[in-house]
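Colleague: Show me how the following folds:
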Amino acid sequence: MELELFDMHGKVACVTGASSGLGRSAATLLAKAGAKVVGVARRSDQLERWQEEAGGNTAVVIADLSDRSSLKTTANAVEAQFGPPDILINAAGINTREHADAVSDEGWDMTMNLNLAAPFFLAQAFVPAMKAKHWGRIVNFASLQSRRAFENGISYGASKGAVEQMTRAMAEAWSGHGITANALAPGFFRTELTGPVFNNPVLAERNAAQTCIGRNGEPSDLDGPLMFFCTDASAYVTGQVLFVDGGYTAK
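Modeller: Below is the predicted model:
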């Protein structure tokens, strides 16, 4: 196997949700692998802290991706850093954890805008340049809730189920132009988003026991799958969802 399959040098990547959690880990990984990385998030202090820690060729764009009216402006700001991105990682997300009886208009709209609309419209904005190069990588973040219903997760689950289908539809629309679209579906990883789960030791242990491996995930467990989807190593893989969950969905 040629190591060039995983070469990131010369590539430009945009990573949403780069200020924390799995998005931050992804942005750091790509920067250390040699890509030029633009991190996008709404919290400027944490985003700038990521840039300082990541090193390499990095830039930041402060944006509220739940505001659909600003997505075109955000895309333009990303392209102004290192040029149009070759790779788009859609890691930003929100889980309002509202019971079905208590879902609000505001919570529903924010969830759908951030988890579903932002990944699509950013991809739509970047695809023309990817088509011109006949090379592009789109990596969406799906979830265990793309296929399973969890307590207080109806809005989040609906958005992540849609992300799985959107990924297939992106592949159908754009892969003939050399652009692959795939999704990672993480299991239980300790992040800001999953804080309520890990704050309950009994629940965290129950989730670990549900896996085949016997533990919850660490951010580094996503490094290999992410690099695979972002490089020539996955040139003939598109429209797929890879569950990186320690075998949670196998049991």
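
Colleague: Where does pLDDT dip in this structure?
Modeller: Counting by pLDDT under 70, the ranges of the chain that qualify are 1-3, 193.

Colleague: tell me the centre residue of it?
Modeller: Nearest to the mean C-alpha position of the chain, by C-alpha atoms, centre = their mean, lies Ala91 at 2.5 Å.

Colleague: Tell me, how many residues neighbour the residue nearest to that residue when sequence neighbours are not counted?
Modeller: Spatially, and ignoring its direct neighbours in sequence, Ala91 is nearest to Gly23 (3.2 Å; C-beta to C-beta, 6 or more residues apart in numbering). Where you see a C-beta, it was placed from the backbone N, CA and C, and this is true even at glycine. The local packing of Gly23 (other C-beta atoms under 10 Å) involves 25 other residues.

Colleague: wait, doesn't Val40 sit right on Ala75?
Modeller: No. Val40 lies out of contact with Ala75 (C-beta atoms under 8 Å); the separation is 9.6 Å.

Colleague: Strands of the protein, start to end?
Modeller: Remark: strands assigned in the chain by DSSP state E are 12-16, 36-41, 58-62, 87-90, 136-141, 179-186, 241-244.

Colleague: Select, out of these, the one closest to Val197.
Modeller: Closest to Val197 of the strands of the chain is strand 179-186 (C-beta to C-beta; 12.3 Å).

Colleague: and for the closest one, what are the contacting residues?
Modeller: Applying C-beta atoms under 8 Å, 6 or more residues apart in numbering, the contact partners of strand 179-186 are 22, 123, 127, 130-131, 135-144, 146, 163-164, 167-168, 170-171, 174-175, 217, 222, 225-226, 229, 234-235, 237-245.

Colleague: Would you mark the buried spots in stretch 86-104?
Modeller: 86-98, 103 (16 or more other C-beta atoms under 10 Å).

Colleague: before we move on, what about stretch 236-251?
Modeller: For stretch 236-251, burial by neighbour count (16+ other C-beta under 10 Å) applies to Thr238, Gly239, Gln240, Val241, Leu242, Phe243, Val244, Asp245, Gly246, Tyr248, Thr249.
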